[in-house]
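Asker: need the 3D shape of this:
(chains A and B)
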Amino acid sequence: METKRIVSNKKEFNLKKFFFQWEWMLVAVFIIINIINTNLSPYYLSFGGIMDATMTFLDKAFMVLPMVLIIILGDIDISIASTTALSSVIMAVAYNMGLPMPLAVLLALTVGAVCGMTNGILIVKFKELPAMIVTLSTMIIYRGIAYIILEDQAAGKFPSWYSYLGWGYVGKIPFMLIAFILIAVLFGLLLHKTTFGRSVYGMGNNITACRYSGIKTDHIKVAVFTLMGIMASVTALFLTSRTGSTRPNVAIGYEMDVIAMVVLGGISTLGGRGKMLGAVISVFIIGLLRYGLGLINVPAQALMIIIGIILIVAVTIPNINLNGFKKKRLAA
Amino acid sequence: MSEYILELKGITKIFPGVKALNQVNFNLAKGEIHALMGENGAGKSTFIKVITGVHAPDEGEMYFEGEKVTFKNTRESQKLGIAAIYQHVTNYPDLSVTENIFIGHEKVSPRTKRILWNDMHKKAKELLDSIGANIDPKVQMGTLSVAEQQIVEIAKALSMDAKVIIMDEPTAALTKTESEQLYKIAEQLRDSGVSIILISHRFEDMYRLATRVTVFRDAQYIGCWGVNEISNEKLIFAMVGREMTQLFPPRQGKIGKEVLKVEGLSQTGYFADVSFSVRQGEILALTGLVGAGRTEVCESIFGITKPDKGKIYFEGKEIKINEPLEAMNMGIGYLPEDRQKQGLILQWGIGKNITLSTLSQISKAGWLNEKKEAEVAKTLAEKVTVKATSIFDTADSLSGGNQQKVVVAKLLASELKVIILDEPTKGVDVGAKYAIYEIMRELAKQDYAIIMVSSEMPEVLGMSDRIAVMRDGRITATLEADGISQEKILEFAMLEKE
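Answerer: Modelled structure (predicted):
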């Protein structure tokens, strides 16, 4: 019989490891972008300037938060922009037909939840279909329903209080920014501090082992996709509030922006790795970069190219580093 | 010097952290069948990989027909005439027998590079006939039985003019008649001058075929004997390094009342009419050949799959289990067969792995209590004697045996009454094996009911109180372990329907 072994359970603080985190790199990029923006426009570095700038991109940021969970699961959802359009259209039409606005808002959230849950159930029931294909189909379907409801028209004339969502301030800080930070903190806690989040990470790494460990993997997946749908309709609420009216073709292309923000945030598309904080920082990086380049009249097409290049670099760098690490560890 | 066709001297192979081979010697005469024996993890597989050129040795020399050789890859060893037939047949089930035989060295027309199908089929038929096998070379490989597939692999070796053929556990999945056919082929090859290295856990294979036997233990060369001059006991002693009686910790405690009972459990295509029961403090071995349906039975009890028919009783009450979680809440735990794919999240630390199945115990209303988690993980890791420095060491940095201990620790985190262990010591080194046996005995003493799925006969005989034998998805016998012989069990496991 061997002697009793001591297995330590104290986390050792490793300075190198602490600073060698993707999030620090994002912070650096964030600072650089702000410096560039400041040099580009004398109006940029005012408190009000930055605050106003955030309002131009925060609507889609609400979808980044649940997308982090989905990508950690190793899945993807490209139907989210269609869900946004559908819940926005249904909310507007319902209000115009006489439903009180608070109930219309609730209806929008319900529509989002149903869309997301449908995705989740399809993915869980038909395991041979990848999430990409399932949500590609529902992307077309949800947008199609929005077109059937509203055809090629606009709907709006919302009550005046509703515009507060997208335009209002609490003191000098936009309401939207406060809402985003609050919900982001909630999502961060959900992912990093709960059994639910732990299970999501586990499923992204090895879903089979999770099933054998008694985790209800199907339930969790459906819950995550439902959460995604709800947040897509939260985006619809803010977006519709800012534009004042809605059409079936709103939010087109949002899914790509959202996925780009998540990937830049260091969430591995292979699943199982990444932190909420990274994605939140990268929301501001891409948002402010776009705003800053807009200030000096860089055309939108060029903007897309720049974001594309950043993405490739962002996805490549951690992978290179990781291989380096692995080799070192084997040699040791 | 050249009385041996193959000779290896002082071979050492080091993997990060492990010495897989330590100064081992081996020689093979022309036309000889030489058995290579040792426990799992003794270094046999690594040794074969050194001979075939998969691994380059860190030290030592290899001579082929008297000349010193070094192989960079398997192609170089094949060129000289060394072929290996592996335990898990590695072929292409969707291709024809001919294609399987000639894959990598197809016969092509010298000018147009067109594949000469007719020539290949003809040659394949010749090769198969030469070893007395009546197999149509045009049929799909996957439609053949395991034994036939093995024969095709031998034909493949012959198609490359093999002078040395390595057979890794060739009879492990064969019935008695099929083994007999394989013996005949091996003898025929030997008589035609081919040398064979035979790796097998079955003493029967060795006595029947080999003239000499070399034993490895814990990566070391132990010795080489003539088969006729060594006794069974001496050979076992050489393999395990201690008397057989010390291989398993002694039974303790006594057997109590029945906890789990299954009756007439069936799942179309996998198993039928399976009935057995297990009592407190009892270790029930569920044995049989690989593919007999043992894992499938256990998975249906644990809720991974659902049985089509049959009843499961837990403490006298009939139960229905739809999800692993339900089984675990009831008190039934399952250690899956494949610890890397089903048991562990390899990228994660030991601690997170241990608590994965009991997250509700280390949380309150869904909120994780990481301090409590660290304590629970530390206690359990030490209980099963995991060799690691901290609970944050990742699972993929551990050896097979220690990984298995982590999965066992994960089981122990739940409050269980029945523990199903599926091949608990597969690919586990000798030391860790003993530790796992000790844990099993300790659990039995604490009134756990244990079902152990195992194909290793010594383990079945040494550990269990009762033995249920399965063949082709059915239980063929349930036997008291006392005084039963290995042959008796194998008879029930392999006996063909006459």
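Asker: give me the pLDDT for the residue lying farthest from the centre of chain B.
Answerer: If you look at how far each residue of chain B sits from its centre, by Cα atoms, centre = their mean, the farthest one is B:Arg111, at 46.5 Å. The score at B:Arg111 is 88. That number is its pLDDT.
Asker: domain parsing of chain B, as residue ranges.
Answerer: Domain assignment for chain B by automatic domain parsing gives B:4-241, B:258-494.
Asker: any idea how far the first one is from the chain center?
Answerer: Distance of domain B:4-241 from the chain centroid (Cα atoms, centre = their mean, to the nearest Å) equals 17 Å.
Asker: same thing with the last one?
Answerer: Once both centres are worked out by Cα atoms, centre = their mean, domain B:258-494 turns out to sit 17 Å from its chain's centre.
Asker: low-confidence regions, the stretch 101-250 of chain B specifically.
Answerer: B:172-173, B:240-246 (pLDDT under 70).
Asker: which residue does it have closest to chain A?
Answerer: Nearest residue of the stretch 101-250 of chain B to chain A (Cβ to the nearest Cβ) works out as B:Pro249 at 9.6 Å. Bear in mind the C-beta positions are built from the backbone N, C-alpha and C, glycine included.
Asker: quick one: that residue is in a helix?
Answerer: No - counting by DSSP: H, G, I helix; E, B strand; the rest coil, B:Pro249 is not part of a helix but coil.
Asker: need the contact list for it.
Answerer: Under the criterion of Cβ atoms under 8 Å, 6 or more residues apart in numbering or on different chains, the contact list for B:Pro249 reads B:434, B:437-438, B:441.
Asker: for PyMOL, what selects the buried ones among those?
Answerer: In PyMOL, a selection of the buried entries from the contacts of B:Pro249 looks like this (16 or more other Cβ atoms under 10 Å in any protein chain shown):
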select buried, chain B and resi 434+437+441
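Asker: how about the residues of the stretch 151-300 of chain A by chain B?
Answerer: Applying Cβ under 8 Å from any Cβ of the partner chain, one finds that the stretch 151-300 of chain A approaches chain B through A:193-196, A:198-199, A:202, A:205-206, A:208-216, A:272.
Asker: residue ranges for the helices of the stretch 151-300 of chain A, please.
Answerer: Assigned by DSSP state H, counting those that start in this stretch, the helices in the stretch 151-300 of chain A fall at A:164-167, A:175-193, A:195-205, A:207-212, A:217-243, A:254-264, A:276-295, A:300-331.
Asker: just list what whichever strand or helix holds B:Glu76 packs against, helices and strands only.
Answerer: Element membership for B:Glu76, per DSSP states H and E: helix B:74-80. Helices and strands touching helix B:74-80, by 3 or more Cβ pairs under 8 Å, 6 or more residues apart in numbering or on different chains; DSSP states H and E, are helix B:44-52.
Asker: hmm, who's touching the helix it packs on?
Answerer: B:6, B:8, B:11, B:13, B:20-21, B:24, B:26, B:36-38, B:55-57, B:62, B:71, B:74, B:77, B:82, B:84, B:164, B:166, B:168, B:197, B:199, B:216, B:219.
Asker: so which of those are in strands?
Answerer: B:6, B:8, B:11, B:13, B:20-21, B:24, B:26, B:36-37, B:62, B:82, B:84, B:164, B:166, B:168, B:197, B:199, B:216 (DSSP state E).
Asker: do you know the pLDDT at the residue nearest in space to the middle of chain B?
Answerer: Nearest to the geometric centre of chain B sits B:Lys426, at 6.0 Å (Cα atoms, centre = their mean). Note on B:Lys426: pLDDT of 79.
Asker: repeat that for A:Lys326.
Answerer: pLDDT, A:Lys326: 45.
Asker: picking that back up, what about the residue nearest to the centre of chain B, which SS state?
Answerer: Going by three-state DSSP: B:Lys426 is coil.
Asker: for chain A, give me the ranges with low pLDDT.
Answerer: Checking chain A against pLDDT under 70 turns up A:1-5, A:318-332.
Asker: run the last query once more with 50
Answerer: For chain A, residues meeting the criterion pLDDT under 50 lie at A:1-3, A:323-332.
Asker: so who does the most centrally placed residue in it touch?
Answerer: With distances taken as Cα atoms, centre = their mean, the residue of chain A nearest its centroid is A:Val64 (0.6 Å). Taking Cβ under 8 Å, 6+ apart as the criterion, A:Val64 is in contact with A:258, A:261-262, A:265, A:279-280, A:283.
Asker: 6 Å - rerun?
Answerer: A:258, A:261-262, A:279, A:283 (Cβ atoms under 6 Å, 6 or more residues apart in numbering or on different chains).
Asker: try A:Leu73
Answerer: A:200, A:203-204.
Asker: same question for A:Phe180.
Answerer: Residues near A:Phe180 by Cβ under 6 Å, 6+ apart: A:58, A:61.
Asker: burial measure for residue 276, as a count.
Answerer: In the absence of a named chain, this looks at chain A. Neighbour count of A:Met276, defined by other Cβ atoms under 10 Å in any protein chain shown: 24.
Asker: try again with chain B
Answerer: 18.
Asker: assign a three-state SS to the closest residue to it other than its chain neighbours, would you?
Answerer: With Cβ to Cβ, 6 or more residues apart in numbering or on different chains as the criterion, B:Phe276 has its nearest non-adjacent residue at 4.9 Å, and that residue is B:Ala468. Following three-state DSSP, we place B:Ala468 in the strand state.
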